[in-house]
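Visitor: Pasting the sequence and the predicted coordinates here, then a few questions.
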Amino acid sequence: MSEQKKMALIASKGTLDWAYPPFILASTAVAMEMEVAVFFTFYGLTLLNKKIEAKVAPVTNPAMPMNMPFGPEAFQKINWPIPNVVSGNMPGFETMATSLMKQTFKNKGVATIEELREICIESGVKMIGCQMTMDVFGFEKDQFVDGVELGGAASFLEFASDADITLFV
């Protein structure tokens with residue numbers, strides 16, 4: 001009988017597009033019967049808040065194609081060739097891009113971040129909130145969903161040192 005595989009993830013970003021990878025990877029790995037721990041640090045710590053308010057930040061992601069088909073199906077036929085330099089300075093663009101991306105995910109049947117996070121928690125994924133980040137940014141444990149452990153880098157590294165897969169997402 002083989003030993004259970006382990007996956008360790010570090011989630012350091014809190015934008016909508018970067019919120020999905022740790023929860024998708026963790027929920028998939030736990031479904032594959034791996035033991036999983038996710039260390040939420042810096043801006044990734046916001047993904048443990050009871051209410052996630054993640055937005056798309058096109059200006060910080062120069063690889064984001066501004067002509068991608070997103071939003072309601074009628075909008076998907078429109079070419080959105082807006083350069084990042086313009087989108088970053090256009091009032092309301094971040095809010096509009098966030099709304100359109102969420103609508104696209106919904107249209108495609110993609111689970112919300114909150115749903116994926118709940119699957120992870122219910123499936124036994126170990127969620128570690130970085131204590132140092134909490135102290136630096138003034139977070140309180142009661143801001144987070146139930147099931148979150150608090151710890152420092154040593155708490156995570158203890159798990160990660162035996163992991164078969166370690167990813168920084």
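Guide: Noted; the coordinates are in hand.

Visitor: Run through this protein and note the low-pLDDT ranges.
Guide: Scanning the chain for pLDDT under 70 picks out 1-2, 58-91.

Visitor: can you map out the strands along it?
Guide: According to DSSP state E, the chain carries its strands in the segments 6-11, 35-40, 126-130, 148-151, 165-168.

Visitor: residues contacting the nearest residue to residue 141 once chain neighbours are set aside?
Guide: Spatial nearest neighbour of residue 141, chain neighbours left out: residue 150 (6.3 Å); criterion: C-beta to C-beta, 6 or more residues apart in numbering. Using the backbone N, CA and C atoms, a C-beta is placed for each residue, glycine as well. By C-beta atoms under 8 Å, 6 or more residues apart in numbering, the contact set of residue 150 is 128, 129, 131, 134, 141.

Visitor: Enumerate the beta-bridge partners assigned to residue 150.
Guide: residue 129 (DSSP bridges).

Visitor: Could I get the contacting residues of the spatially most central residue of the chain?
Guide: Per C-alpha atoms, centre = their mean, the C-alpha nearest to the average position across the chain is that of residue 19, at 1.6 Å. Under the criterion of C-beta under 8 Å, 6+ apart, the contact list for residue 19 reads 13, 47, 52, 54, 113.

Visitor: where's the first one relative to residue 51, distance?
Guide: Distance of residue 13 to residue 51, given as C-beta to C-beta, to the nearest Å: 18 Å.

Visitor: So which of these two has more stuff around it?
Guide: residue 13 (20 against 8; other C-beta atoms under 10 Å).

Visitor: Test my guess that that one contacts residue 40.
Guide: No - at 10.1 Å, residue 13 does not count as touching residue 40 under the criterion of C-beta atoms under 8 Å.
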